[in-house]
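Participant: Here is my input, please return the structure:
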Amino acid sequence: KTQFAHVCGSGNLSHTMPGEAHPAFTAGGLVLAGGLIGFLKSGSKPSLIAGSVIGAAFGGAGYMISNGKEFEGHSLASLVAFSLAGMFTPKFFKTKALFPAGMYATIGIGSLAFHGMKALEWKS
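Facilitator: You can find the predicted model right below:
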């Protein structure tokens, strides 16, 4: 019985979250929080909408990974991470701003490396 299953009162391992899902959920939470901060600081609705959509996509990927669709979840997370890195890496090099560009570029590149590797592992 894992700690997660113990806390939830379930000994069924199908209800546990694989460690591979945590990075997707974490990335989603960070992106969602960043979009919310952007909205609260500057009233930017695009920040809120983009943060919500990208955060939800990462969350959906984490859900897929934790529910037996590992290849599909890692593939989705890779696609979302590629988009995030593609949008924010050039902005970071242009502005040198750690937030939001540096944070999102780092999340995107790191997530792409992790989830891309995992998608290839699950494919074979």
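
Participant: What pLDDT does the model give residue 124?
Facilitator: Turning to residue 124, the model gives it a pLDDT of 76.

Participant: Return the helix or strand in the chain with minimum mean pLDDT.
Facilitator: Scoring the helices and strands of the chain by mean pLDDT, DSSP states H and E places helix 3-8 at the bottom, with a mean of 40.

Participant: how far away is residue 68 from residue 40?
Facilitator: 37 Å (Cβ to Cβ, to the nearest Å). C-beta coordinates here come from the backbone N, C-alpha and C atoms, glycine included.

Participant: Also residue 93?
Facilitator: Using Cβ to Cβ, we find residue 93 at a distance of 27 Å from residue 40.

Participant: Also residue 122?
Facilitator: Counting by Cβ to Cβ, the gap from residue 122 to residue 40 is 38 Å.

Participant: So for the two, which residue has more residues nearby?
Facilitator: Taking neighbours as other Cβ atoms under 10 Å, residue 122 and residue 40 compare with residue 122 leading, 16 against 11.

Participant: That one touches residue 68, doesn't it?
Facilitator: No - between residue 122 and residue 68 there is no contact, the gap being 10.8 Å when judged by Cβ atoms under 8 Å.

Participant: Quick check: buried residues in the longest helix along the chain?
Facilitator: For the chain, the helix with the greatest residue count under DSSP state H is helix 70-95. The neighbour-count check on helix 70-95 (16 or more other Cβ atoms under 10 Å) flags 70-71, 73-82, 84-85, 88-89, 92 as buried.

Participant: could you say which helix or strand contains the closest residue to residue 45 other than its chain neighbours?
Facilitator: Closest residue in space to residue 45, ignoring its immediate chain neighbours: residue 39 at 6.7 Å, by Cβ to Cβ, 6 or more residues apart in numbering. Secondary structure assignment for residue 39, by DSSP states H and E: helix 22-42.

Participant: and the angle from that helix to helix 70-95?
Facilitator: Orientation note: helix 22-42 sits at an angle of 40 degrees relative to helix 70-95 (axes from the mean of the first three to the mean of the last three Cα atoms, to 10 degrees).
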